[in-house]
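> The following comprises the amino acid sequence and a computationally predicted model.
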Amino acid sequence: MLFINTLCIIGIYEAAAQPKRILYPIKTYLEEKLPYKVFAPILGCVYCMASVWGTLFLAMSIFLDILPLKWGIVLPFYIAALSGLIHGIEFLREKFS
């Protein structure tokens with residue numbers, strides 16, 4: 001589940017990264033309207049996005065009974081692991097591209 005969430009976050013980030021991508025207009029709008037500290041976890045920083053999108057992903061998993069409610073306790077550890085996994089994937093991507 002952690003790996004799927006990582007791929008979702010990187011996919012959302014990449015979908016907003018360049019002008020011809022589908023989420024780019026939303027990214028530019030939010031970037032103009034929101035302060036950076038609010039914008040970064042939404043679409044601006046792939047590492048920061050783990051906090052918002054990871055919480056939403058875990059909350060949806062609990063709400064849809066994919067995970068039991070007791071998994072809510074591990075949220076801080078889940079977010080930290082998610083951020084670390086994203087960092088590792090981005091590091092490898094930069095190294096091999």
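Perfect, thanks for sending it.
> show me where the chain has helices.
Residue ranges of the helices in the chain, as given by DSSP state H, are 2-15, 24-33, 36-39, 49-63, 75-96.
> just the angle between the longest one and helix 2-15, please?
Just to be clear, that refers to helix 75-96. When axes from the mean of the first three to the mean of the last three Cα atoms, to 10 degrees is applied, the directions of helix 75-96 and helix 2-15 differ by 60 degrees.
> With adjacent residues omitted, what lies nearest to F57?
N5 (4.6 Å; Cβ to Cβ, 6 or more residues apart in numbering). For every residue, glycine as well, the C-beta is placed using N, CA and C.
> What is the burial count for the one you found?
A count of neighbours around N5, defined by other Cβ atoms under 10 Å, yields 22.
> which of the helices of the chain is buried the deepest?
Comparing these by mean neighbour count (mean count of other Cβ atoms under 10 Å), helix 49-63 ranks first with a mean of 18.
> and for it, what are the contacting residues?
1, 5, 8-9, 12-13, 40-43, 66-69, 71-72, 75, 78-79, 82-83, 86 (Cβ atoms under 8 Å, 6 or more residues apart in numbering).
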